[in-house]
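K.L.:
quick one: sequence plus predicted model below, questions after.
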Amino acid sequence: MDDRVRVISSEVLSDAWGVLKSTVFDYRRLDGNWERQTRETYDRGNGAAVLPYDPARNTVLLVRQFRFPAYLQGHPEPLLEACAGLLDEDDPETCARREAQEELGYQLHDLELICVPFMTPGSVTERLACFVARYSQEDRVSAGGGHIHEGEDIEVVEMTLEEAYRATRDGRISDAKTIVLIQHLVIDQARGE
Ligand SMILES: Nc1nc2c(ncn2[C@@H]2O[C@H](COP(=O)(O)OP(=O)(O)O[C@H]3O[C@H](CO)[C@@H](O)[C@H](O)[C@@H]3O)[C@@H](O)[C@H]2O)c(=O)[nH]1
Ligand SMILES: [Mg+2]
């Protein structure tokens with residue numbers, strides 16, 4: 001795309017938790033004509049998410065936490081999500097393991113990278129490395145719950161994969177990364193993998 005995009009100018013609108021920029025650029029359309037556009041982008045780094053699965057009991061581990069942006073949108077309750085975090089300085093797998101210890105209180109095995117989607121490509125720069133992993137009850141190392149001093153207030157929720165899938169259908173789970181990972185496990189099971 002480098003021959004179809006020419007950045008003209010970029011302005012930082014906010015540099016607080018993340019960096020919000022407004023960029024003016026010329027874009028060459030499919031018909032060959034150049035068009036000037038302005039787009040805002042929000043960059044707060046990349047992240048990793050992991051859905052641990054216990055094949056012996058057919059269960060998954062999730063976190064339930066308050067998300068202010070979802071609350072603003074009228075979501076009545078804390079969100080049920082796959083455990084996730086921002087990479088900071090870590091590679092995606094190290095981040096996923098770290099977040100699983102901090103938020104879930106579990107040490108995970110056999111992490112498998114499923115996909116690295118853009119979650120909101122129209123405005124947010126972030127890519128999210130999505131993993132599944134294996135766990136058993138013996139892998140519990142702490143109560144989890146996240147960092148209190150960072151305002152995290154996380155409940156660990158275990159449910160059967162079947163129940164989690166039903167929750168993606170009836171709206172109890174409405175977080176995209178979580179839906180992708182649950183569907184991945186369900187499809188693998190249906191294919192006998
Ligand atoms: N002070 C402050 N803290 C913030 C702000 N925005 C988020 N935080 C806090 O910073 C912490 C970040 O925790 P992580 O576990 O590292 O990230 P996360 O919020 O769970 O993000 C993950 O999930 C997102 C949503 O699905 C993903 O988009 C992201 O990639 C990541 O994987 C959370 O306690 C969150 O409340 C902010 O504007 N200001
Ligand atoms: Mg998190």
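P.N.:
On my side now, so go ahead. If you're wondering where the values come from, they're calculated on a predicted model, not measured in any experiment. Ligands and ions are numbered 1, 2, ... in the order given.
K.L.:
in the sheet, who's paired with the residue of the chain found nearest ligand 2?
P.N.:
Closest approach between the chain and ligand 2, counting by C-beta to the ion: residue 85, at 4.3 Å. All C-beta atoms are positioned from the backbone trio N, CA, C, and that covers glycine. Taking DSSP bridges as the rule, residue 85 bridges to residue 48.
K.L.:
hmm, it is touching residue 95, no?
P.N.:
Yes. Using C-beta atoms under 8 Å, residue 85 and residue 95 qualify as a contacting pair, with a distance of 5.8 Å.
K.L.:
quick one on the thing from earlier: if I look at the residue of the chain closest to ligand 2, how far off is residue 41?
P.N.:
In this structure, residue 85 and residue 41 are 21 Å apart, going by C-beta to C-beta, to the nearest Å.
K.L.:
distance from the chain centre to the lengthiest helix in the chain, please.
P.N.:
As assigned by DSSP state H, the longest helix anywhere in the chain is helix 176-190. In terms of C-alpha atoms, centre = their mean, to the nearest Å, the centre of helix 176-190 is found 14 Å from the chain centre.
K.L.:
burial count for the closest residue to ligand 1 within the chain?
P.N.:
In the chain, the residue that lies nearest ligand 1 is residue 47 (2.2 Å; C-beta to the nearest ligand atom). Counted with other C-beta atoms under 10 Å, residues neighbouring residue 47 total 21.
K.L.:
residues touching it, list them.
P.N.:
84, 85, 86, 87, 95, 126, 127, 128, 129 (C-beta atoms under 8 Å, 6 or more residues apart in numbering).
K.L.:
just the closest of the residues you listed to residue 32, please.
P.N.:
Nearest to residue 32 among the contacts of residue 47: residue 127, at 30.3 Å, using C-beta to C-beta.
K.L.:
isn't that closest one up against residue 45?
P.N.:
No. Contact criterion C-beta under 8 Å: residue 127 and residue 45 do not qualify, at 9.7 Å.
K.L.:
neighbour count for these two, which is higher?
P.N.:
Using other C-beta under 10 Å as the criterion, residue 127 and residue 45 rank with residue 127 on top: 18 against 13.
K.L.:
in a strand, that's where residue 138 is, yeah?
P.N.:
No. Residue 138 sits outside any strand when classified using DSSP: H, G, I helix; E, B strand; the rest coil, being helix.
K.L.:
show the pLDDT at it.
P.N.:
pLDDT recorded at residue 138 is 96.
K.L.:
what residues does this protein put near ligand 2?
P.N.:
84, 85 (C-beta under 5 Å from the ion).
K.L.:
alright, I will stop here.
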